[in-house]
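**Q** Need coordinates for the following:
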Amino acid sequence: MTSKTITVTLKKSVISCTDKQKACVKGLGLRKTGSSKTLENTPAVRGMIKKVIHLLEVAE
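**A** Modelled structure (predicted):
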């Protein structure tokens, strides 16, 4: 892993998502569309991002 943090931004709404996808977005600490969070770059966080990558914008 090159960087220790990763920034994720919620770009699309979770209205039509499954409950598991909504839980992943909530677990990443994101609430409304456009909200951002800087998180540690761990395998657990990477897995949650992978599940909802179509809703997010990811920056290292």
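**Q** ok, which stretches of the chain are strands?
**A** Counting by DSSP state E, one finds strands in the chain at the ranges 5-10, 36-40, 56-59.
**Q** Let's have these in CSV, adding mean pLDDT.
**A** Formatted as CSV, the strands of the chain follow (pLDDT from 0 to 100):
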stretch, mean pLDDT
strand 5-10, 97
strand 36-40, 96
strand 56-59, 96
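**Q** Pick the most deeply packed of those strands.
**A** Greatest average neighbour count among these goes to strand 5-10 (a mean of 17), per mean count of other Cβ atoms under 10 Å. No exception for glycine: its C-beta is placed from N, CA and C like everyone else's.
**Q** Quick check: Leu56 touching Thr7?
**A** No: at 10.0 Å, Leu56 does not count as touching Thr7 under the criterion of Cβ atoms under 8 Å.
**Q** between the strands of the chain, which gets nearest to Leu30?
**A** strand 5-10 (4.3 Å; Cβ to Cβ).
**Q** residue contacts, Leu55?
**A** By Cβ atoms under 8 Å, 6 or more residues apart in numbering, the residues touching Leu55 are Leu10, Lys11, Lys12, Ser13, Val14, Cys17, Gln21, Val25.
**Q** Filter these down to the buried ones.
**A** Buried members of those, scored by 16 or more other Cβ atoms under 10 Å, are Leu10, Val14, Cys17, Gln21, Val25.
**Q** Can you redo these as a markdown table, where the extra columns are distance to Ser35?
**A** Output for those, formatted as a markdown table (distance: Cβ to Cβ, whole Å):
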| residue | distance to Ser35 |
| --- | --- |
| Leu10 | 5 |
| Val14 | 11 |
| Cys17 | 15 |
| Gln21 | 16 |
| Val25 | 10 |
